[in-house]
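K.L.:
next comes the sequence, and after it the predicted model I'd like to discuss.
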Amino acid sequence: MNKKNVLYVKNLNKIYSKNSSNSIQAINNLNLEVKEGEIFGLLGPNGAGKSTFINILAGTTIKTSGEVNVWGFNLDKNPRQVRASIGIVPQEVNVDPFFTPKNLLELQAGMYGIRKKDRITDTILKLVSLEKQAESYTRALSGGMKRRLLVAKALVHKPPIIILDEPTAGVDVELRNNLWDNVKQLNKNGVTIILTTHYLHEAEEMCDRIGILNKGNLVALDTTKNLLKKIQTKIVKFLIDKKVSIDNSSLKSINVLSSETNELTVSYEKNTLNISEIINFINDQNIKIFDISTDDGDLEDVFIRLTKN
């Protein structure tokens, strides 16, 4: 069964103009769809347009042109419904130090017009493992707890879509793992997740699909699996009984990364050379191969190739 689009973006543009002769195209003709229930990663270097896009969805930045629909609501015609359909977890940790987590969630719920009997403050605090700190001042919370509190604030109005902007920037490994556990649980509960991150291995592990922005342009949009298939360079390490002499004149498109007495590491292009050809070449020199290990690359390789210009 085909899942519906919860986010639909068509021909979106954002131009920052200082004057008639000096303008910056932050987003250039962006077309994008996000499906219900998926974890979608939006990647890109600094200045790619990620934050501008999120700010447009949040209503804090006005688009120049184009169409944006969130959960079936048009941003131009139904801005309040669009904002109610999204919960945004900002990158910056900014919470009032003189409020308790419970106070902050109650205040946030009031801002969305949620009646007291319909509020789920205690449930949210339990979800993000802050129920024991519910009555503690936020100034006494650790950095990790404050991050989880930001997630909690984004959940008070029960939005079907959560946007996380660099949620693990500058946090330790334990907190990062705890935060992703929370995200996975939210997604399991039916919430659609859109996230931006500089940690490409996280996107590779977490995301169903990935879009890559570069200088305001969407340069890639596909499943994580299909993006990884775009990697043509493969690295192979051989453990051998003696040194082998190998170069481009011997095998086309091969690049020797290191050559030691008992170890040879090479890279090659998968579309022009097969690993069996390398193995046969080594065997033809009467060299015994003890072990072979390979590295097919990762999302970082795709990212670098698509954003290097």
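P.N.:
Alright, I've got the coordinates. Residues are numbered from 1 along each chain as shown.
K.L.:
residues in contact with the host helix or strand of residue 54?
P.N.:
Using DSSP states H and E, residue 54 sits within helix 50-58. Here helix 50-58 makes contact (CB atoms under 8 Å, 6 or more residues apart in numbering) with 7, 12, 14, 26-27, 30, 42-44, 61-63, 68, 70, 75, 82-83, 86, 88, 163, 165, 196, 213. Heads up, the C-betas are built off the backbone N, CA and C, glycines and all.
K.L.:
any buried residues in stretch 130-148, and which?
P.N.:
130, 133, 138, 141, 144, 145, 146, 147, 148 (16 or more other CB atoms under 10 Å).
K.L.:
the last one belongs to a strand, doesn't it?
P.N.:
No. Going by DSSP: H, G, I helix; E, B strand; the rest coil, the assignment for residue 148 is helix, not a strand.
K.L.:
now it. Nearest residue, chain neighbours left out?
P.N.:
In space, and not counting its chain neighbours, residue 148 is closest to residue 128: 4.1 Å by CB to CB, 6 or more residues apart in numbering.
K.L.:
re earlier: next SSE after the helix holding residue 54?
P.N.:
strand 65-70.
K.L.:
nearest residue to the middle of the protein?
P.N.:
residue 41 (3.5 Å; CA atoms, centre = their mean).
K.L.:
from the contact counts, what lies against the strand or helix carrying that residue?
P.N.:
Residue 41 is part of strand 39-43, with elements assigned from DSSP H and E. Strand 39-43 is packed against helix 50-58, strand 192-196, helix 200-206, strand 209-214, with contacts defined by 3 or more CB pairs under 8 Å, 6 or more residues apart in numbering; DSSP states H and E.
K.L.:
mean confidence for the longest one?
P.N.:
Right, helix 50-58. When pLDDT is averaged over helix 50-58, the result is 92.
K.L.:
equivalent analysis for the second one, please.
P.N.:
Taken as a whole, strand 192-196 has a mean pLDDT of 93.
K.L.:
adjacent strands (with direction) for that strand?
P.N.:
Partner strands and pairing direction for strand 192-196 (DSSP bridges) are strand 39-43 (parallel), strand 161-165 (parallel).
K.L.:
tell me how far the strand holding residue 41 lies from the chain's centre.
P.N.:
4 Å (CA atoms, centre = their mean, to the nearest Å).
K.L.:
buried stuff in the helix or strand hosting residue 187?
P.N.:
Element membership of residue 187, judged by DSSP H and E, is helix 173-188. Neighbour-count burial for helix 173-188, counted by 16+ other CB under 10 Å, picks out 175, 176, 178, 179, 180, 182, 183, 186, 187.
K.L.:
do stretch 68-77 as well
P.N.:
68, 69, 70, 71, 73, 75.
K.L.:
contacts for that stretch?
P.N.:
5-10, 12, 56-57, 59, 63, 67, 81-82, 85-86, 160-161.
K.L.:
how long is it end to end?
P.N.:
10 Å (CA to CA, to the nearest Å).
K.L.:
lovely, talk soon.
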